[in-house]
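Peer 1: all I have is the shape, not the residue letters:
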């Protein structure tokens with residue numbers, strides 16, 4: 001790949017992760033408003049919002065699953081620097097490559113199995129009790145977030161390989 005193509009692909013993946021991050025922010029805001037409205041309804045008017053727990057159970061995975069790619073892109077995940085920083089640049093790059101490859105394999109498996117579960121829920125026409133939302137829509141967040149994570153990890157792998165070549 002040329003640098004222009006690589007840059008365009010990276011920019012596209014960055015845009016995808018930012019869009020998913022904004023979806024997470026929106027879900028968190030809705031979650032906050034919904035919780036406040038439910039508590040106010042329960043204690044001020046003695047009338048809680050029906051299905052609040054189910055809605056919050058839908059919003060919570062949105063925040064966790066769709067936010068992974070952005071967090072990885074900005075290197076916000078926890079890492080054990082005490083161990084990692086003691087190595088020279090080349091071994092650091094090799095460790096980074098191995099961990100990133102393992103992560104890509106793991107998240108690819110999650111995408112695959114997640115899609116199988118989505119298809120199963122779609123065939124069974126399973127819905128969430130009280131709010132009648134099809135469960136496959138919510139379950140689709142798992143492969144979507146994992147696919148975005150795979151894309152970010154592939155970009156990370158590319159940069160780690162470049163860093164390893166520079167370390168030679």
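Peer 2: Perfect, thanks for sending it. Keep in mind that what you see is a predicted model, and the values were worked out from it rather than measured.
Peer 1: quickly note the distance from residue 55 to residue 97.
Peer 2: Residue 55 sits 41 Å away from residue 97, going by CB to CB, to the nearest Å. (Glycine included, C-beta is placed from N, CA and C.)
Peer 1: more crowded one of the two?
Peer 2: residue 55 (20 against 16; other CB atoms under 10 Å).
Peer 1: that one should be in a strand, yeah?
Peer 2: No: counting by DSSP: H, G, I helix; E, B strand; the rest coil, residue 55 is not part of a strand but helix.
Peer 1: which residues of this structure fall in strands?
Peer 2: For the chain, the strands defined by DSSP state E occupy 127-128, 133-134.
Peer 1: who does the last one pair up with?
Peer 2: Strand 133-134 has these partner strands in its sheet, going by DSSP bridges: strand 127-128 (antiparallel).
Peer 1: who's in contact with the partner strand?
Peer 2: 54, 57, 58, 133, 134, 135, 138 (CB atoms under 8 Å, 6 or more residues apart in numbering).
Peer 1: do that again at 6 Å, thanks
Peer 2: Residues from elsewhere that reach strand 127-128 (CB atoms under 6 Å, 6 or more residues apart in numbering): 54, 134, 135.
Peer 1: if we can go back for a sec, take the strands of the chain and lay them out in CSV including mean neighbour count.
Peer 2: Below are the strands of the chain laid out as CSV (neighbours: other CB atoms under 10 Å):
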stretch, mean neighbour count
strand 127-128, 15
strand 133-134, 15
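Peer 1: just put these in TSV and tack on mean pLDDT and distance to residue 47.
Peer 2: Formatted as TSV, those follow (pLDDT from 0 to 100; distance: least, CB to CB, whole Å):
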stretch	mean pLDDT	distance to residue 47
strand 127-128	84	21
strand 133-134	85	22
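Peer 1: turn the ones you listed into TSV, including distance to residue 111.
Peer 2: What follows is the strands of the chain, written out as TSV (distance: least, CB to CB, whole Å):
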stretch	distance to residue 111
strand 127-128	23
strand 133-134	20
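Peer 1: looking at those strands, spot the one closest to residue 66.
Peer 2: Closest to residue 66 of those, according to CB to CB: strand 133-134, at 17.1 Å.
Peer 1: please enumerate the helices of the protein.
Peer 2: Here the chain has its helices, by DSSP state H, at 3-44, 52-66, 68-73, 81-84, 89-124, 135-139, 141-167.
Peer 1: weakest of these by average pLDDT?
Peer 2: Among these, helix 81-84 carries the lowest mean pLDDT, at a mean of 76.
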